[in-house]
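In: need a 3D model of the following:
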Amino acid sequence: MGKERKTNWAEMMGEAVREATFSHSYGGEDYFVFPFRCRRLSGAEDIINAIASRNTIENFDIKPGRRIGVNGEIRSYNNRSGTGSKLVITVHVNEAFSGDHSEDYNRVMLMGNLCRKPVYRRTPMGREITDLLLAVNRSYGKADYLPCIVWGGMARRAATWEVGDRVRLRGRLQSRTYIKIQNQEAVEKVAFEVSVMEIERVSREEERWKSMG
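Out: Sure thing, here's the model as predicted:
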């Protein structure tokens, strides 16, 4: 599946929706957030929040409609403010570059451990789907908890796996709107998840062999 030496890797091409705004400071560095639109082949759009340090984008003018490519990692954190999604998913940008006339793309590769029992179900249209929650370790002791969805025959296979199993996957990070009833009112929400195109369970021995390749 390639990119074996990294456990969390993402590259995307699309366009900025709005200018970058200040997000937070960490370790003496300021970080900024901007929504990023990436179109699928079907014409549907995924709008994902990208976070980048001042050093990463200080010479890069992010403005609405500008074509932009980003390389980085998928990150998660728990939102304890009481508003919005409890699990917030973003792209942590390590590199930003001009997209010019390049076509949109959205590629994610992850390797981690299942930290929740897979949930198999069928959609209202009868499609098979399995929900996974993958824990992907960072290099300094923390982990990102990333929801993933697997379809069809892969969904049936993934549904038999156990908590703690190590898996490697390739897919795309997508946004999905849904309706939640709050205080007897229908409220539109947005969820983020990795839609899986390839997935495999790997052993520790295979992982070590791959890393030496």
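
In: where exactly do the strands run in the protein?
Out: Secondary structure of the chain (DSSP state E): strands at 8-16, 21-26, 29-39, 45-53, 67-78, 87-98, 105-114, 119-122, 128-137, 143-151, 166-182, 185-201.

In: can you give me the end-to-end span of stretch 50-59?
Out: 17 Å (Cα to Cα, to the nearest Å).

In: which parts of it are buried?
Out: By neighbour count on 16 or more other Cβ atoms under 10 Å, the buried set for stretch 50-59 is Ala50, Ile51, Ala52, Ser53, Thr56, Ile57. Where you see a C-beta, it was placed from the backbone N, CA and C, and this is true even at glycine.

In: what about that stretch, average pLDDT?
Out: Average pLDDT, stretch 50-59: 93.

In: please state the offset of that stretch from the chain centre?
Out: 19 Å (Cα atoms, centre = their mean, to the nearest Å).

In: can you give the domain ranges for the chain?
Out: Domain assignment for the chain by automatic domain parsing gives 8-108, 111-211.

In: returning to what we had before: with distance to Arg157 as extra columns, can I get the strands of the chain in TSV?
Out: Putting the strands of the chain into TSV (distance: least, Cβ to Cβ, whole Å) gives the following:
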stretch	distance to Arg157
strand 8-16	23
strand 21-26	39
strand 29-39	28
strand 45-53	26
strand 67-78	23
strand 87-98	25
strand 105-114	13
strand 119-122	10
strand 128-137	9
strand 143-151	8
strand 166-182	11
strand 185-201	8
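
In: ok, the closest residue to Leu114 other than its chain neighbours - contacts?
Out: Leaving aside its chain neighbours, Leu114 sits nearest to Asp165 (5.0 Å; criterion: Cβ to Cβ, 6 or more residues apart in numbering). By Cβ atoms under 8 Å, 6 or more residues apart in numbering, Asp165 lies in contact with Asn113, Leu114, Arg201.
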